[in-house]
Each structure stands twice: as structure tokens, then as C-alpha cells.
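Peer 1: Here you go, sequence then predicted model.
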Amino acid sequence: MKAASLRIYIGTWVALMVLFALTLASSFVPLHGFNTAVNVAIAVAKAALVALIFMRLRTSTALVRLAAVAGLAWLLILIGLSLTDFLSRY
Amino acid sequence: MSTHATAEATELDEGETATFGMWVFLATEVLFFGVLFFAYVMTRLRYPEEFASAGRHTDLTLGSINTGVLLTSSLAIALAVRSVSLGAARAGAWLLVATLALGAVFLGLKSLEYWHDYTEHLVPWLDFAFAPPERNGAKLFFYLYFVMTGAHAVHLIIGLSLVGFMLVRLWRGRIDAASVAPLEVTALYWHLVDIIWIFLYPLLYLVSRT
Amino acid sequence: MRELFAWHVGASPYAHRVDVLFWTLTGITGAVALGVITVMAVFAIRYRREAVMARGPIDEPPVTGKRWVEICWIVIPLLIFLAVYVWGANLYFQYASPPAKTLEVYVLAKQWMWKVEHGNGRREINELHVPRGQAIKLVMTSQDVIHSFYVPAFRVKRDVLPGRYAVLWFRPTRSGVYHLFCAEYCGTDHSRMGGRILVMEPEDFGRWVSSGAPTATLAAAGEEKFRAFGCGGCHGENATVHAPSLAGIFGHDVPLATGQFAHVDERYIRDSILMPSRDIAAGYPDVMPSFTGRVSEEDILDLIAYVKSLASAPSARGDIR
Amino acid sequence: MNATSVSSPPAPEGVPTGDARPIEQSYLGAGSSLWSWLTTVDHKRIAILYAVAITAFFFLGGAAATLMRVELVTPRGDLVSAETYNKLFTAHGMIMVWFFLIPSIPTTFGNFLIPLMIGARDLAFPRLNLMSWYVYIAGACITVAALIAGGVDTGWTFYTPFSTMFSSSYVILAIAGVFVVGFSSILTGLNFIVTVHRLRAPGMTWFRLPLFVWAIYATSVILVLATPVLAMTLVLLLVERVLGIGIFDPALGGDPLLFQHLFWFYSHPAVYIMVLPAMGVASEVITCFAHKPVFGYRMMAYAILAIATIGFLVWGHHMFVSGQSVYAGATFSLLSYLVAIPSAIKVFNWTATLYKGSITFEAPMLYALGFVGLFMLGGLTGLFVAALALDVHLTDTYFVVAHFHYIMVGGSVMAYFAAIHYWWPKITGRCYSEGWARFAAVIIFVGFNLTFFPQFLLGAGGMPRRYHEYAPEFQLLNVLSSAGASILAAGYLLPLLYLPWSLRFGARASGNPWDARGLEWQTASPPPVENFETPPVVPERPYDYRPQAAAAEGGA
Ligand code: HEA
Ligand code: HEA
Ligand code: CUA
Ligand SMILES: [Cu+2]
């Protein structure tokens, strides 16, 4: 098992905190309906950092990555296909 | 979880097996919470204004502090795994203690927040604060707020017990650099609980703060 | 014989079109099933172990079948499937889009009965009288759980949900009496929640619908309620409150305070009555009270009928599309 | 078994064959106390624990069905009250789906055979495996308690707002039980996935896996990805029911279609959970008794994966008349036709496997051929209900009831019986009476068709489902159906007699009584605790059957 260097871990934490500050600050700036989009995009970035570095997906086997992606992919199927109904119903 | 692998399976293989097993489990967790996110999206599409005005009533300060706390706890447990696998069991133990402490702080603040919600009549099934035009939508927002944060808190409590258990095993010398897999798997779980919060935070605390 | 088949002859042009699809598909799938079963039987007999015959070496590569055979039985079924899909979808869109000129009837479902209101105010329970040859459009809602309005002879059904309006249409072309079933499980007496559809000659229907001394047309009943609930106090001609005129809005798009437009249909009126603050008409104050709990589903149907009856009136509001 | 197979014929060269070993030296001899069974972590013993529980639930669900069929002999509700009838079909559906058919083949034969087939000692997480069984039993007890205490009348689909506002409160308990059982499914699926990925014997590459393993693997993927959705949906249902606030009831500002989407997002993939393992069994049995390699092995494996994935994209076909947008309906209908293609591939490939085979007709083969035929009919009628305009007429009628019983009873249960008969000698070390087994297979086939074919006609004629009373013109067909059900019941009771009988009086089975290929046949019957005395190495493709050789020997 290869352990990443301390620097990388601390750096990741700093990055997470910066993103956290960014998301909080951006919420007070009116962005004409794009606030949620920005927030979600930042959340995705934070989650990716945690997954890639802390959970070490970056150095995992393809198999583990596949498992990691599967849950997300299936959630997108659920939401995506349902939207064909909810967005075109009336 | 013990793993009786085939005869020639090595320690390293067992670690890999456990890790893979945990990732499969995490996939199920993603879908488990996914239903709540799905319900949130669909309901918010129907009640955009109500969600906006109800969303302004969540406790931004406590929610934000908790976000910082949880992100930091993730760092702590990641460093704990790193230390143990490099042979520094003592440092690892202290980092696990830090993880536990941060997790406990999170739960403490969350309880405080629930208390505030209660006193401000934000609990939708008890004497709810919002008046009719917004009432239905706001109720659904707070309903989802409680179900989502509640499910998250339950997971965090499970995480705390797992980390506590690992701490005991580390203490007794059952975990060391060569058999770090159980700790690693626990850390994966902890990180996932953190990731869920990363999404809950903007959806519940940052709706329409402009 | 008829018993052995329990088949109900279709009683509308749409039903006949559905039947053609049904029998075609029965033909295709029957042929496929028969074919597969025959081939299996032939193989089973011919290649039974006792059969002394030269089987020859296995003439296939180790782990794959014959490529061209497999491609054939992927592509041919796919083409058949696509054809059936398009056919079924085409009919489905017919089912979902009522023609422009229809006779409208309101249907209210509740555990466990169907209440029907004709335009002229004639009401009936668990029965629906309709004239032959005319397109009938049902506007349906439920008071409690989900029900489903099912007329096998017309090959149509539609779930009836609480809190919204479901539309179902058909054009009966054979007079007679047909089953009406509730097809969505709705509790204890689900199986008894049925009734009859009586398709009458137009003249007979005319006589029937005007008999039984209906007190007032639906719209008139609605107008009555419009006054009784005090709607007229604000929406009326000489009201002091600044409220929009409802004349001529039905079926059109009205501007909202948000800058968007809303299409005025049954659901919009219902929401306006129950949740007036959700969609505020542009240029008007948000003062209309919610009538939730004060009006029944039937009252709402009457009020809708009234607002609809104003549809052809000239609108005083210039901002309507 | 017939004469040829009892004294297992000399295997072709190079095919090692297990022996008949004294039962005391097998996994069955590892302990006979109840305690030794309840604490075992041996996958083979856990399989038997499941088999016992599942058999009980099959007959419980069957008893409810029997009562329903008796009630439906007359158009009036004269045997049981409407309320009782509604509770009966709810209990029947819930028990058959969650406590019988979903766990059936995976937890019994999957558990027993996966390690044997891939040459492993046990599953990846043996203790988790035992825990799954206890979780299953716990969930089952909760639900059965609810069904006995007061009964639930929601139908197995729990549609809102009926389930949240109107139905009796036992629905809370019943749902809690299903929720718990879901975790058993998830843990079992997880265990299988990890096992197949990590514990294959040397040389056992993916394309040397028996199709049964492929099928269980794909099933596990569905279990793991679909079940959590059901679990959380049920939580939301419970909270809504208890607190009176929620996102499903329009009276509370919710949307009932939201529930339907979530329910079917799980439940449509769940129908493939119920049929994929059956397809795996059919592939094993048909190749064995046709004595020929399966036709198009790779395509068969891909078809399994395709069904598992595309199966996730079609759930909206249960909602064509629900008020879902017509565009969504059109999308889901198209996708439903696409998922039928891999099923078609499988049916054709099984048929082609018979070509130039050397076929014998022992009981497992009779059941397997029955499976193919009835699954095909069930699947073909699925094409009717997938056609939008036809479904408008047929949905919620007996046509749908017939459609899914053809696949689930005619298909999956048939395959389950094929599996029982095929692997019985391996599991118990005993041979059952071949004559009785064939007789039962024929009775079940006849009874089944008589029960469910009339239901297609009823449905096409417009008889709605979940009807306690019905219009008089439907009576004749209903009487036929009920008559068939009694034949079917008799057919199902037969194995309950001759199989246990064989445990005591049956001849001892050799290691490979069917002259079959596959690692599980290379060890003794019953297998030793550690499965293989020497860890196996896999040198070749699966299904290495040679029809010419067998025919020369058998036909002589
Ligand atoms: C194991 C269970 C199982 C399986 C495998 C299937 C398989 C399929 N099902 Fe079924 N289904 C159920 C169990 C199952 N179903 C249940 C339980 C319900 C009702 C739930 C409830 O409401 O309670 C249901 C309901 C149901 C509906 C909703 C009906 C309604 O309520 O209105 C629909 C609609 O599309 C449908 C379609 C299909 C299709 C297209 C397939 C396909 O996968 C079938 C594919 C197979 C074939 C097509 C056969 C082989 C193919 C050939 C031989 C090809 C050659 C053919 C030609 C060239 C024409 N099913
Ligand atoms: C998953 C598997 C499965 C299986 C195996 C079965 C098996 C059977 N089913 Fe089931 N069925 C469903 C799943 C299944 N069903 C589902 C999901 C529904 C929908 C429920 C709903 O609408 O919510 C349904 C609904 C359903 C209906 C429609 C009810 C209605 O809509 O009103 C009918 C009616 O005939 C029926 C009949 C049968 C019959 C005769 C059998 C037979 O094959 C059963 C054969 C077995 C036996 C007959 C057991 C034999 C033993 C005895 C008789 C002994 C009894 C003894 C003791 C108590 C000791 N089923
Ligand atoms: Cu109303 Cu069923
Ligand atoms: Cu389906």
C-alpha cells in the first residue's frame, strides 16, 4: 500500500477549506439563478478531492474505481430518466 | 469481517478484497442516499419559492461550522491510516482520537441545531411556523431536511462506533502496518459519510441566501 | 363459446385499431412461439441419445456460436420490435390527445363510486350515459386515493389521481351497455367500484339528459357557488378589490407576476382556488384567500365549469395570449 | 435415475470425476446438532438453511394463492370477505416476491455452487453470509407477524396515498420487514460480487466461468444497485405514514407518481433478479442433457450483462396510464423492447444448443425445457404490455397477472425445480426416484398451463386484477384456472414427498451422476467441508461436452 505524502493530504484539506469558503461566499452573491449550479459544482469538486486523495481512488485498481463509479452512474440513471417524466408532464 | 480466501491468497490480497467489498457497499450507500437527493430535486422543482424561503431558516452558522468540522475529521482519519501503515501506531491512535472528537463535536452541534429548529417551530410535524401559502412546500423542505440530516447522523453514529472499535484494536496491537485493512475500510466509510454531507450542505443551508 | 373467450367486441373506432394491433402481435408472437417449440421438439426427437446417426464433429469454434446466425436472430426481432413499438406509440398518442370538439363530462371518483356530472347539470352515479357517434371527453379527479376509469369495450383506461385532473376520451360508435370497471386497486370494495356505460342514440340521449329535471347546468351551479363563496365580490364587475376578470381566460395563457405565462386549464383554476399565492396574476395584489377545506372537489368542478363557460366571453384584459 | 446414469459411465478422458464419499466425511457430517447448523459459516450449510426457509415460504404463499383461487370459482364473494381477499393477494405477492422468489436460486444454489464452480473454498465473507441468513429470517418474521396479526391490504406495490393514508396500520410492520430483508439481499449480492471477482481458481478466467456464475454475478449487481432504492423509499413511506407529512400524498402537497417511479426503479430490475438465475440454471442443465457445449457462450454471457443493465432503464412501463408524461411513456416503451433482445438471444441459443446434441430426458431436463417454453410465452406477452396502446387496455387486468406468472412460475419456479433435481445428488449424495420426478414435472407443466393460460383470455376480455368479485361472463375461465391450480398444487406437493424419501432410501449418488462438466462435479457427492481436496486448476473452456462420444456409448 502506497501512502501519499503528508504534504498532499494537508494540501487537499486546504483545498477543501478554500472550496468550502468559496461555496459559502458565492451563496451571498446574486448569480441570477446560477447559485445552485455553482454550489453543486463546488460540492462535486470537493467530493472528487475526498474520493481521489483521501479515499485513494487515484491509485486504486480499475475494479475499485468501477465500483466507485457504479453507484453514482445508477443514481444519475434514476434522476435522469425520471426527469423525462417530471419535466414534460403537463 | 474475516476472509477465508483460497489457499494461496496472501495478506495483501485480503486487504484488497476487503477494500473492494467496502466500495461495493459504498455504492449501495450512494443509492440509498440517492433516493433522498432524488426526492429533493423533484420536490424542489415543484416548490422552488417555498424551498427558497424555507431554506433561509436553516442555521447557517452551525451548518457551516459542522462542514468545517467534518472535512477536518476526514483529514484526521486519512492521516491515521497513513500513520498506521507507515508503522507509527501511536500517532495513528491519536489521530483516531481526533477523528472521534470531531465526529462527536459534529453530533453535538447537530443536536443543538435540532433544538433550535424545535424552538423556532421548524419541525413540520409539530406546530409548524410557516403560514398557508408557503406551508405545504416549506413543510416538505423541512421534512426532507430532517430525513436527510437524520439519516446522515445515523450513519455518523455508526461511523463513530466503527472508529472507536478500530481504536481499541489498535490499542491492543491487533492492527499494524501489515494488517491495516480493517482500519482502511473504516476510513472509506467515514469519508463517504463526509461526502454525503458535502452535498447536503449546499442543498439545505445555502438555498437562496442572496 | 363466448364464455370461453370472454371477449368484448370493440365499440369505438379506436378500439378497432387497438384490436388490429393486438391480433397482429398475437399472430407474430404465436408464429415465433410455435416455430421455436417445433424446432425444439424436432431437435429433441432427432438428436435424442438413442438415435443412431452421424452427428459429425462439433462444427463450431470453441466459445462462439455461428456469427451470422446470431446476427440474424438479433436483427430480425429488433426490426419487428421497432415496428410494433411505433405502431403502439402512434395509437397511444391518439389515446392521449382528445379532438378539439368534444362533449365534456366531469367524473369524480371516491371510495368506492363514480360520480358523474354532465354539462347541463344532470348527475348520475356509477353510470355514464353518452350519445353514440360523438367524441366524449372525461375530466376526472379523485377525492381520496388513486382509481382507474376502465371501459374494456373502448380499450381505454386512465388512472384518476387526487389533486389533479386526468383526461380520457373515446368516440362510441355502437350503442349498447358496456362495463365500467375501477382498474386501480383502491381498497376494500375495489372490485365493486364498477358501473355501466350506456351508449344511446343521439336523440335518445338528448331526451335522457334533459329529463330528470336537472336543477341547473353545471356552469349555472358554478355561477351560483361563485356568488355563494364570495368570489364575485372580488372578481365581479363592480368589485372594489383589484382582482382580475375571469372572462375569456380559459384555454389561454395569462401573465404571471414572475414574468412567465401560465396556461389556464382545469388544474390552474383548481390551484388558484386552493393555493392562490402560488401563481400570482401579473399586476394584481396577492390578496385572494385560499379556499382549502371550504370547497369540496365537486364545488371546484362546478366553479371550473363556470369559468369555462366564460371562455368565449371577450376578455377585458389585454395581456392574455 | 435411469440405468445409464446411476453407474456413472466412464468419463471421457481427461475429465476427472469425484467419488461418492461417505456422508459422515462430507460437509453434512461436520455436525448434526441444531446448534451446529445455526452457527455454521460453511456456504454449503447456509445454502441448506436458506432452502428450508424458502420452501416454507413457497408453501405459505401457495396456500394464500390456493384460497384466492377457491374464492374466484364463483363471481360473487362467498368464501372470504373482500377485505380478507385483499389481504390474501397482498400476502401472496409479498411472500412470493420477497421471501421466496428473489432469494430462491441465488441464496440456495448460488450459495452452494458459486464457490464450487469457481474452485474456491468458501465465499469471500463467510460470516457475513451467515448474517445475511439471520437478517432474512428477522425480516421474514416481522412481515409474517404483520400478516398474521392483522393483515395488510395494499397489494405488494404499496401505492400511495392508499398505503400512507387509508390502509390498516399493520402496513408499517409489513414494510419494516421488507426493509430488513432488503439488507439481506444487499449483503448476499455484495458477497457474491466480491467472491466472483477475487476468489476464482487459477485458470478460471471470466470466459471460462459457467453461465450460472455469470447469471448470479449479474443478479448480484442488480441486488446491490436496486435494493437500496427500495429500502430508502420504504423509509420515506413509513415516515409519511407515521408523521402525516410527506412527498407522496397529493393532499400533503406531494406527488404519488414519485413513489411509483421509485418503487418500479427497484421492482423492474427485481424481476430480472428473479429470472436471471433461472436462465443460468437452464444453461447448465440443457448443456448437460444435450451433452453439448452451449451455443454461443460469449453471446450468452453478454446477454446476461445486457439484461442486467438495460433492465434498469425500463421501469416506467408500469406507469403508462398513471398520468406519467406521454413522452416518458414512449421512452420507456422503446427501452422495454430493447431489453427483450438479449432475452431473445438466450431463447434461440438454448434451442440451438439442442442441435446435433445427444439428448436425454431426465427430470432436470424436463423442467429446464419447460422453463424455456414458458419463459418464452411469458416474455412474448411482455411485448404486448410493452406496446403502449395495448397496455392501456391490458394494464391492471388478468393479462398482466398471466404475463408475470408465466415468467415467474412457469419460468423461474420451473428452473428452481430443475436446479433442485439436477444438483440434489451433489448436495445430498442421494438419488431420488426418477419416475416420480418425471411424473411431477409433467403434472406441474399441465397444471400450470391450465391455471394461467385462461388468465390471458380473461385479461384480454377486460377482467381487472385484484378483484374479489367479477362479472358473471368471466366465470367459466376462472373455473378452469382454479381447476388448473389444484392440479398445480398436487404437482408441487409431489416433490415434497419423494425428495425427503430419497434422503433415507435413495441410492447413493456418485460424484458425477449425470456425466456433467464443471468443477462442482469433480469433487465428491456430497462435497467435503473444504470443497476440494486439492485446489483445482482450470485448463479449459466450460461445457466441454462431446455429443458423438456419448451417443456412441449411449446408443449402443
Ligand atoms: C421474472 C419476472 C419478469 C420478467 C422477466 C419480465 C419480463 C418482461 N416484462 Fe414483465 N412483469 C413482471 C415480471 C416480469 N416481467 C411482473 C411481476 C409484472 C407486474 C407487476 C405488478 O403490477 O404487480 C410485470 C409487468 C410488466 C409490464 C407492465 C404491465 C402493466 O402493469 O400494465 C410490462 C410493460 O411493458 C412488462 C413488460 C415486460 C417485458 C417487455 C419483458 C421482457 O424482458 C421479456 C423478454 C422476453 C421475450 C420477448 C421472450 C423471448 C424472445 C423471443 C423468443 C424473441 C422472438 C420474438 C419475436 C421476434 C417477436 N411487464
Ligand atoms: C413470485 C412468485 C409467485 C408465485 C410462485 C405465484 C404462484 C401462484 N399465484 Fe401468484 N402472484 C404473484 C407472484 C407469484 N404467484 C404476485 C407478485 C401477484 C400480485 C399480487 C398483487 O396484486 O399485489 C400475484 C397474484 C396472483 C393472482 C391475482 C390475484 C388478484 O389480482 O386478484 C392469482 C390469481 O389466480 C395468483 C395465483 C397464483 C397461483 C395459483 C400460484 C401457484 O403457482 C401457487 C402454487 C403453489 C401451491 C398451490 C402450493 C401448494 C401447497 C398447498 C396447497 C398446501 C397448502 C398447505 C398448507 C397450508 C400446509 N397470483
Ligand atoms: Cu377505485 Cu379501484
Ligand atoms: Cu417491468
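Peer 2: Sure, I can see it. Residues are numbered from 1 along each chain as shown, chains lettered A, B, ... in the order given. Ligands and ions are numbered 1, 2, ... in the order given.
Peer 1: Mind telling me what element residue B:111 is part of?
Peer 2: Assigned by DSSP states H and E, residue B:111 falls within helix B:89-119.
Peer 1: ok, and does that helix reach over to chain D?
Peer 2: No. Helix B:89-119 does not reach chain D (CB under 8 Å from any CB of the partner chain); its nearest approach is 14.4 Å. From N, CA and C alone the C-beta is placed, and that goes for glycine too.
Peer 1: how far out from the middle of the chain is that helix?
Peer 2: 11 Å (CA atoms, centre = their mean, to the nearest Å).
Peer 1: just stretch D:62-80 next, same as before
Peer 2: 25 Å.
Peer 1: Give me the buried positions along it.
Peer 2: D:62, D:64, D:65, D:66, D:67, D:68, D:69, D:71, D:72, D:74, D:77, D:80 (16 or more other CB atoms under 10 Å in any protein chain shown).
Peer 1: and the closest residue in space to the fourth one that isn't next to it in sequence, how far is that from residue D:248?
Peer 2: On the basis of CB to CB, 6 or more residues apart in numbering or on different chains, the spatially nearest residue to residue D:66 that is not a chain neighbour turns out to be residue D:489, at 6.0 Å. When CB to CB, to the nearest Å is applied, the distance between residue D:489 and residue D:248 equals 38 Å.
Peer 1: And chain C, is the longest helix along chain A touching that?
Peer 2: The longest helix of chain A (DSSP state H) is helix A:62-86. No. Using CB under 8 Å from any CB, helix A:62-86 never reaches chain C; the gap is at least 13.5 Å.
Peer 1: Over to stretch D:369-378?
Peer 2: Yes. Against chain C, stretch D:369-378 shows contacts by CB under 8 Å from any CB at D:369, D:372, D:373, D:376, D:377.
Peer 1: One more: stretch D:454-471?
Peer 2: Yes. Judged by CB under 8 Å from any CB, stretch D:454-471 comes into contact with chain C at D:457-458, D:460-471.
Peer 1: Now intersect those with the helices, please.
Peer 2: D:457, D:458, D:460, D:461.
Peer 1: among those residues, who's most crowded?
Peer 2: Counting neighbours by other CB atoms under 10 Å in any protein chain shown, the top entry in these is residue D:458, with 28 neighbours.
Peer 1: On the pLDDT front, check the residue nearest to that residue when sequence neighbours are not counted for me.
Peer 2: Distances taken as CB to CB, 6+ apart place residue D:398 nearest to residue D:458, at 4.0 Å, with adjacent residues excluded. Predicted confidence (pLDDT) at residue D:398: the value is 96.
Peer 1: cool, and residue B:108?
Peer 2: pLDDT for residue B:108: 96.
Peer 1: Burial check on it, number of neighbours?
Peer 2: Neighbour count of residue B:108, defined by other CB under 10 Å: 12.
Peer 1: That one and ligand 1: what is the separation?
Peer 2: Distance, residue B:108 to ligand 1, by CB to the nearest ligand atom, to the nearest Å: 47 Å.
Peer 1: cool, residue A:77 as well?
Peer 2: 17 Å.
Peer 1: Next, count neighbours for that residue.
Peer 2: Neighbours of residue A:77 under the rule other CB under 10 Å: 16.
Peer 1: residues of stretch B:95-102 that come out buried?
Peer 2: B:95, B:96, B:98, B:99, B:100, B:102.
Peer 1: any idea of the mean pLDDT for that stretch?
Peer 2: Across stretch B:95-102, the average pLDDT comes to 96.
Peer 1: With stretch D:337-357 instead?
Peer 2: Mean predicted lDDT for stretch D:337-357 stands at 93.
Peer 1: Checking the helix or strand containing residue B:201 against chain A, do any of its residues make contact.
Peer 2: Assigned by DSSP H and E, residue B:201 belongs to helix B:181-205. Yes. Interface with chain A: helix B:181-205 contributes B:184, B:187, B:188, B:191, B:192, B:194, B:195, B:198, B:199, B:201, B:202, B:203 (CB under 8 Å from any CB).
Peer 1: Could you export stretch D:217-226 as PDB, CA atoms only?
Peer 2: Provided in PDB are the C-alpha atoms of stretch D:217-226 (Å, rounded to 0.1, in the frame of the first residue of the first chain):
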ATOM      1  CA  TYR D 217     -23.000 -12.300 -10.700                       C
ATOM      2  CA  ALA D 218     -25.300 -10.100 -12.800                       C
ATOM      3  CA  THR D 219     -28.100 -10.800 -10.400                       C
ATOM      4  CA  SER D 220     -25.900  -9.600  -7.500                       C
ATOM      5  CA  VAL D 221     -25.100  -6.400  -9.300                       C
ATOM      6  CA  ILE D 222     -28.800  -5.700  -9.600                       C
ATOM      7  CA  LEU D 223     -29.400  -6.600  -6.000                       C
ATOM      8  CA  VAL D 224     -26.700  -4.300  -4.800                       C
ATOM      9  CA  LEU D 225     -27.700  -1.300  -7.000                       C
ATOM     10  CA  ALA D 226     -31.500  -1.600  -6.900                       C
END
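Peer 1: ok, that stretch near ligand 1 or not?
Peer 2: No. Stretch D:217-226 lies out of reach of ligand 1 by CB under 6 Å from any ligand atom, never closer than 11.3 Å.
Peer 1: Name the residues that touch that stretch?
Peer 2: Here stretch D:217-226 makes contact (CB atoms under 8 Å, 6 or more residues apart in numbering or on different chains) with A:70-71, A:74, B:24, B:27-28, B:31, D:106, D:110, D:185-186, D:188-190, D:192-193, D:196, D:209, D:265-266, D:269-270, D:272-273, D:276-277, D:304-305, D:307-308, D:311-312.
Peer 1: which of those come close to ligand 1?
Peer 2: Of these, the ones that also sit near ligand 1 (CB under 6 Å from any ligand atom) are residue D:272.
Peer 1: Mark which of the contacts of stretch D:217-226 are buried, thanks.
Peer 2: Counted by 16+ other CB under 10 Å, these give A:70-71, A:74, B:24, B:27-28, B:31, D:106, D:110, D:185-186, D:188-190, D:192-193, D:196, D:209, D:265-266, D:269-270, D:272-273, D:276-277, D:304, D:307-308, D:311-312 as buried.
Peer 1: For the residue of chain D found nearest ligand 2, which three-state class applies?
Peer 2: Residue of chain D nearest ligand 2, by CB to the nearest ligand atom: residue D:62 (2.2 Å). Counting by DSSP: H, G, I helix; E, B strand; the rest coil, the backbone at residue D:62 sits in helix.
Peer 1: What segments of chain A are helices?
Peer 2: So, for chain A - with DSSP H - the helices run A:6-26, A:35-49, A:62-86.
Peer 1: Could you save those helices as CSV and add columns showing mean pLDDT?
Peer 2: As requested, these are exported to CSV (pLDDT from 0 to 100):
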stretch, mean pLDDT
helix A:6-26, 94
helix A:35-49, 94
helix A:62-86, 92
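Peer 1: Which among those helices is found nearest to chain D?
Peer 2: helix A:62-86 (3.7 Å; CB to the nearest CB).
Peer 1: Packing partners of the closest one?
Peer 2: For helix A:62-86, the helices and strands in contact under the criterion 3 or more CB pairs under 8 Å, 6 or more residues apart in numbering or on different chains; DSSP states H and E are helix B:11-46, helix D:211-243, helix D:256-290, helix D:326-354.
Peer 1: buried sites along it?
Peer 2: Result for helix A:62-86 [16+ other CB under 10 Å]: buried residues A:63-64, A:66-68, A:70-71, A:74-75, A:77-78, A:81-82, A:84-86.
Peer 1: Ok, stretch C:13-32 next?
Peer 2: In stretch C:13-32, counting by 16+ other CB under 10 Å, buried: C:14, C:15, C:17, C:18, C:19, C:21, C:22, C:25, C:28, C:29, C:32.
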